[in-house]
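[1] Everything below, folded, please.
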Amino acid sequence: MKLNKGITSGLIILPIVIIIILYFATKKTTIDFLHNDSFVISEFVDKADGGKSLLKLEKGNDKLSLKFTLRDGYTYPYAGIVINKADYQKFSLNDYQLKLKVEASDDIRLSIRFTQFIDKYSKSDDYNTLPIFIKTIGLHKGENKIDIAAKSINEVPDWWIAKNPKAASLVNEVPLDNTVQMWIFCEKNSAVPLDKDFTLHVSEFSLEGGTYWPYLLAFLLIYGIIIFIYIKVSAPKESGEDVKIVLTPIEKIETEDRLPKFQSEILNYIGSNYRNSNLKLLDVAQSMGLSEKTVSDILKECTGKNFRQYLNFIRMNEATRLLKESDLQIAEIADAVGYNNIQHFNRVFKEIYDISPKSFRN
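    Numbers count the residues shown, from 1 in each chain. Modelled structure (predicted):
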């Protein structure tokens, strides 16, 4: 059966509104490094390690250009860029996607690296206690698009583990909320020979925030369960709602063991004669040898309804059964349960179940 239209609309609109609110509440802000003044992009070259590699970094309004040449001098020549907060505070990579659009002058291998601060282990004055996470990506000549989850940058160098054996079990559980710095650079390997000029043009460089979809899905699951329970509880019941004693309209109702004599006789009489369209409270009272008021009071006490309400309940209870289990026409059903006027039957049915007999059957 259908619920009230207003309630049904509310049940549909409510989760949509809540999901929209949760989406924007949990979605992390995208960080565009090319246009974000709170981050600083600087040169990262091996000169600090005694190397001789060359790098020229040019910053435009919408792109970065890196022109570099790796040269012999340091054991592992490198050149690239380093990113950190302008105020040197830590930042989060948790639940972020790293997006890069890079035009390379030749085939080359690019290394992405960041360091994290581990609570209760890392020391601010000892850089060697900051775990290093690395991922290397191959670029081909021309335009390259990179879209990777920050959590997939997860290779920790063996030399760092060797220096920090006590932290070996911690690095797999680092939440990426305390990022100190990030590097994007090239170092000498088979794809990046010495003394060759390379150029990288970076036109997109950002961290795109995700949403906490597991939480949204959990909300939908819980909401679905609540709505299922609500429909089960709220849907009109064939046995009638708010009726203290549920009686099926059969010729003889076994109530003698549960009710005082007059209550059972009154209910049995109505259950046996509800098909009579002319059945009145007076008929019941006369058959019992009681006053109409006494019969009405007894009915109210044992069913919570007056005579007319209870009679309609009995009739509608049987009508819903026939609508579901028989092929009788609605007019025939109306007549079978005591209504000689189809319009009156439809009106009473709609008042009780908030739906027409035809819609109920469909």
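[2] My reading is that Gln263 lies in a helix. Confirm?
    Yes: membership of Gln263 in a helix is supported by DSSP: H, G, I helix; E, B strand; the rest coil.
[3] Once you drop chain neighbours, what's closest to it?
    In space, Gln263 comes closest to Cys302 once its chain neighbours are excluded; the distance is 4.9 Å by C-beta to C-beta, 6 or more residues apart in numbering. Every residue, glycine included, has its C-beta placed from N, CA and C.
[4] count of neighbours near that neighbour?
    Residues within reach of Cys302, counting by other C-beta atoms under 10 Å, total 22.
[5] Let me know the secondary structure of it.
    helix.
[6] right, and it touches Glu265 too?
    No: Cys302 is beyond contact range of Glu265, at 11.6 Å (criterion: C-beta atoms under 8 Å).
[7] Could you list the low-pLDDT ranges of the stretch 251-362 of the chain?
    Applying pLDDT under 70 to the stretch 251-362 of the chain flags the ranges 251-261.
[8] can you rerun that using 80?
    By pLDDT under 80, the weakly predicted segments of the stretch 251-362 of the chain are 251-261, 362.
[9] All the helices of it, in order from the start?
    Secondary structure of the stretch 251-362 of the chain (DSSP state H, counting those that start in this stretch): helices at 261-273, 281-288, 292-303, 307-325, 330-336, 342-353, 357-361.
[10] Pull out the buried residues from the fourth one.
    Same thing as helix 307-325. If you call a residue buried by 16 or more other C-beta atoms under 10 Å, then helix 307-325 has these buried ones: 307, 309-320, 322-323.
[11] quick one, that helix and helix 261-273 angle?
    Computed with axes from the mean of the first three to the mean of the last three C-alpha atoms, to 10 degrees, the direction of helix 307-325 lies at 50 degrees from that of helix 261-273.
[12] Quick check: closest non-adjacent residue to Thr30.
    Glu208 is the one closest to Thr30 (C-beta to C-beta, 6+ apart), at 4.9 Å.
[13] what do you get for Asp283?
    Closest residue to Asp283 apart from its sequence neighbours, by C-beta to C-beta, 6+ apart: Asn273 at 7.4 Å.
[14] give me every residue that touches Phe114.
    By C-beta atoms under 8 Å, 6 or more residues apart in numbering, the residues touching Phe114 are Leu93, Ile132, Phe133, Ala150, Ile153, Thr179, Val180, Gln181, Met182, Trp183.
[15] same thing but at 6 Å, please
    With contact taken as C-beta atoms under 6 Å, 6 or more residues apart in numbering, Phe114 is in contact with Phe133, Thr179, Met182.
[16] try Met316
    Met316 neighbours (C-beta under 6 Å, 6+ apart): Ile352.
[17] repeat that for 7 Å
    Val348, Phe349, Ile352 (C-beta atoms under 7 Å, 6 or more residues apart in numbering).
[18] Could you check how far the first one is from Ser356?
    Using C-beta to C-beta, to the nearest Å, we find Val348 at a distance of 11 Å from Ser356.
[19] So these two - more neighbours on which side?
    Val348 (19 against 14).
[20] looking at it, the more buried one is touching Asn312, isn't it?
    Yes: look at Val348 against Asn312 with C-beta atoms under 7 Å: they come within range, at 5.6 Å.
[21] And the average pLDDT for stretch 128-142 is what?
    Throughout stretch 128-142, pLDDT has a mean value of 93.
[22] typo on my end, stretch 228-242
    54.
[23] what does stretch 76-84 give?
    94.
[24] just stretch 162-173 next, same as before
    For stretch 162-173, the mean pLDDT works out to 87.
[25] For it, what is the distance to the chain centroid?
    Centroid separation for stretch 162-173 versus its chain: 35 Å, with C-alpha atoms, centre = their mean, to the nearest Å.
[26] Tell me where the stretch 1-150 of the chain has strands.
    31-32, 39-45, 54-59, 64-69, 78-85, 96-104, 108-116, 132-139, 142-149 (DSSP state E, counting those that start in this stretch).
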